[in-house]
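Visitor: Just to be clear, the model below is a prediction. Sequence and coordinates:
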Amino acid sequence: MLHLSVSRRCQMKPKVIDLFAGVGGMSLGFEQMGFDVVFANEYDVSIADAYKINHPNTDMLVADITTVDFEETFSRYFGEIDVIIGGPPCQGFSQKGQRKTIHDERNFLFKSFVRVVEKVRPKYFVMENVPNLLTAERGYFKKELEKLFNDMGYELNMGVLNASDYGVPQNRRRAIIIGKQGDVAPSLPTPQEGKVTIWDAISDLAYLNSGEGSEKQEYRNPPQSSYQETLRKESTILYNHVATNHSALALERLSLIPPNSGKEVLPEEHLTKSIYSGTWTRMRKNEVSVTITTRFDTPSSGKFTHPFLNRAITVREAARIQSFPDSFHFVGAKGSQMKQVGNAVPPLLAKAIAQVIMKDIEVYKEDTAYAKA
C-alpha cells in the first residue's frame, strides 16, 4: 500500500504560477521538467497571445498586475501551488547615488511578486532578474528582499547564473533567487560540462539572404548537431525564419566584413556612431553568442550579424540561441516577436532550475511517505 500511495503522489504534477511571464520561456523550462503551469500573467497583449498559443492549457490573465484584485485573483490558489516563478522588471533599485527600495513606486512589480507569494504561500518560488539585483546599493535591495521573504518563513538561496553553463549557446547572466518555505532552499544548479556554439545552434538554417524567407516554410537542410536534433524533434514546419530586408548601404557595408571580423575592417566612410557594443560585427560561429536583445534584427544594434551571410540573424535563429524548440511559434508583428525572444528566460536555463526544485520535491515526498509508514 505504501508503494501504491507514493506512486500515485508522484504522478501528480507540481503546480506553478508564472508572473511577468512574457512569451513563457521560464514556463516552458518548468513544463519540460514535469511541472504543470496552471496560471500566468502578462500585461502586453501581443506577447500574451503568443504565450497562449504555446501554452494552451495555462490560464492566462492579460493585465497589469498592479491593478488586479489580489483577493479575487489569487486567493483560490492558496495552498494549491508548489512554485511561483517570475522576473519582475525594475527601475528604481539600480540608480546610483539614491537608495531605492522595493517600496519605490518604480519597483511596484517587485512588490506585487512578493504580495502574490504572501497570498498563495507556495512551497517554493523562483525570482529571476538582472545580476546587479544582488549588488546594487551595496546589497541594500538584496537585504530588503531577504528580510521580506524571511519574515514570511522562506529560506533563500541565490546567485548569478550564466545560461551558457546550462546548454544554451549564449552568454546571458541572470540573478536567480530560490526560496523554500520553512526549510533550506535548494542549491542553484551545477554548471554542465562543455559549451554549445552558435554554429551548433543555427548551421542548418544558414541559407537565407537579406529579405528572403517566410513565416512558415519547409526545412531545407537536415540537422547538423545533436542540439539541432533536440530542438527540431517535435517540428515538421520551420516558423519565424525571415531575414531582415537590409538597405543597399547596409548590404554594401556587410559585404566588406569577412567572417570573424567587425567594424575594425571598415573604411572610414562606413564607420557609424553607436552606443551598442559589437555593432557591425559578425558572430563567430564556434563561440557562444552575446546576450540576445530585443533588436537583434539589425547589425547596428550589436553583435547580431550572421557569421558569413550579409544579414542579421532571424527570429528563429535568435530563438535557437535562446534554446527555444522549433515547435515554439512566435506570432504577431516582428517588433513583438523580437521582444518575445529577446526578453525571455532561456528554457534550458529554466529547466536546470526546475530540475533542482523537482529533485527537492521528490526527496520531500519520499521522506514524508516513509515517515507516515
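Guide: Sure, I can see it. Numbering: from 1, shown residues only.
Visitor: residue ranges of the strands in this structure, please?
Guide: 15-19, 36-42, 59-62, 83-86, 124-129, 154-162, 173-181, 213-217, 238-242 (DSSP state E).
Visitor: For the second one, buried residues please.
Guide: Which is strand 36-42. By 16 or more other CB atoms under 10 Å, the buried positions in strand 36-42 come out as 37-42. Just so you know, the C-beta spots here come from the backbone N, C-alpha and C atoms, and that holds for glycine as well.
Visitor: Could you save those residues as JSON lines and add columns showing pLDDT?
Guide: Below are the buried residues of strand 36-42 laid out as JSON lines (pLDDT from 0 to 100):
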{"residue": "Val37", "pLDDT": "98"}
{"residue": "Val38", "pLDDT": "98"}
{"residue": "Phe39", "pLDDT": "98"}
{"residue": "Ala40", "pLDDT": "98"}
{"residue": "Asn41", "pLDDT": "98"}
{"residue": "Glu42", "pLDDT": "98"}
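Visitor: if we can go back for a sec, do you know which of the strands of the chain lies nearest Gly335?
Guide: Closest of these to Gly335 is strand 238-242, at 13.2 Å (criterion: CB to CB).
Visitor: average pLDDT for that closest one?
Guide: Across strand 238-242, the average pLDDT comes to 98.
Visitor: what angle separates it from strand 213-217?
Guide: Between strand 238-242 and strand 213-217, the angle formed by their directions is 180 degrees, by axes from the mean of the first three to the mean of the last three CA atoms, to 10 degrees.
Visitor: Stretch 149-164: end-to-end distance?
Guide: End-to-end distance for stretch 149-164, by CA to CA, to the nearest Å: 29 Å.
Visitor: try stretch 125-145
Guide: Stretch 125-145 has an end-to-end distance of 13 Å (criterion: CA to CA).
Visitor: okay but Ser300 is in contact with Gly278, surely?
Guide: No - the criterion here is CB atoms under 8 Å, and Ser300 misses it with Gly278 at 10.0 Å.
Visitor: gap between stretch 49-67 and the chain center?
Guide: Offset of stretch 49-67 from its chain centre (CA atoms, centre = their mean, to the nearest Å): 16 Å.
Visitor: OK, contacts around Gly24?
Guide: 18, 37, 40, 50-51, 54-55, 58, 344 (CB atoms under 8 Å, 6 or more residues apart in numbering).
Visitor: Count the neighbours of Gln228 for me.
Guide: Gln228 has 21 neighbours, counted by other CB atoms under 10 Å.
Visitor: who's in contact with the nearest residue to it once chain neighbours are set aside?
Guide: The spatially closest residue to Gln228, leaving aside those adjacent along the chain, is Asp204, at 5.3 Å (CB to CB, 6 or more residues apart in numbering). Counting by CB under 8 Å, 6+ apart, Asp204 touches 219, 221-224, 228, 232.
Visitor: Kindly state the pLDDT recorded for Asp204?
Guide: Confidence score, pLDDT, at Asp204: 98.
Visitor: ok, it to Leu145 distance?
Guide: As defined by CB to CB, to the nearest Å, Asp204 lies at a distance of 43 Å from Leu145.
Visitor: leaving aside the residues next to it on the chain, what's closest to Ser301?
Guide: Leaving aside its sequence neighbours, Ser301 sits nearest to Arg295 (CB to CB, 6+ apart; 3.9 Å).
Visitor: swap in Arg320?
Guide: Nearest to Arg320 is Ala201, by CB to CB, 6+ apart, at 4.3 Å.
Visitor: what's that neighbour in contact with, if anything?
Guide: Taking CB under 8 Å, 6+ apart, we find Ala201 in contact with 169, 225, 227-228, 231, 289, 317, 320-321.
Visitor: Next one: the nearest residue to Ile202 once chain neighbours are set aside from Tyr207, what distance?
Guide: The shortest distance from Ile202 to any non-neighbouring residue, by CB to CB, 6+ apart, is to Glu317 (4.6 Å). Distance of Glu317 to Tyr207, given as CB to CB: 11 Å.
Visitor: Could you check which of those two is surrounded by more residues?
Guide: Neighbour totals were compared for Glu317 and Tyr207, and Glu317 leads with 27 against 12 (other CB under 10 Å).
Visitor: Could you check how far Ile353 is from Thr73?
Guide: Look at Ile353 and Thr73: by CB to CB, they are 25 Å apart.
Visitor: more crowded one of these two?
Guide: Shown here are Ile353 and Thr73; by other CB under 10 Å, Ile353 has more neighbours (26 against 16).
Visitor: my guess is that one meets Gly29, correct?
Guide: Yes - with contact defined as CB under 8 Å, Ile353 counts as touching Gly29 (7.1 Å).
Visitor: and the angle from the helix ranked longest in the chain to strand 15-19?
Guide: Among the segments of the chain that qualify as a helix by DSSP state H, the longest is helix 347-372. Helix 347-372 and strand 15-19 meet at an angle of 140 degrees, taking the same axes, to 10 degrees as the criterion.
Visitor: what's helix 347-372 packed up against?
Guide: When contacts are defined as 3 or more CB pairs under 8 Å, 6 or more residues apart in numbering; DSSP states H and E, helix 347-372 packs onto helix 2-11, helix 25-32, strand 124-129, strand 154-162, strand 173-181.
Visitor: let's see it at 7 Å
Guide: helix 2-11, helix 25-32 (3 or more CB pairs under 7 Å, 6 or more residues apart in numbering; DSSP states H and E).
Visitor: Where among those helices is average confidence lowest?
Guide: Among those, helix 2-11 scores lowest, at a mean of 41.
Visitor: The closest residue to Gln217 other than its chain neighbours: how many residues sit nearby?
Guide: Closest residue in space to Gln217, ignoring its immediate chain neighbours: Leu238 at 5.2 Å, by CB to CB, 6+ apart. Look at Leu238: counted by other CB under 10 Å, it has 19 neighbours.
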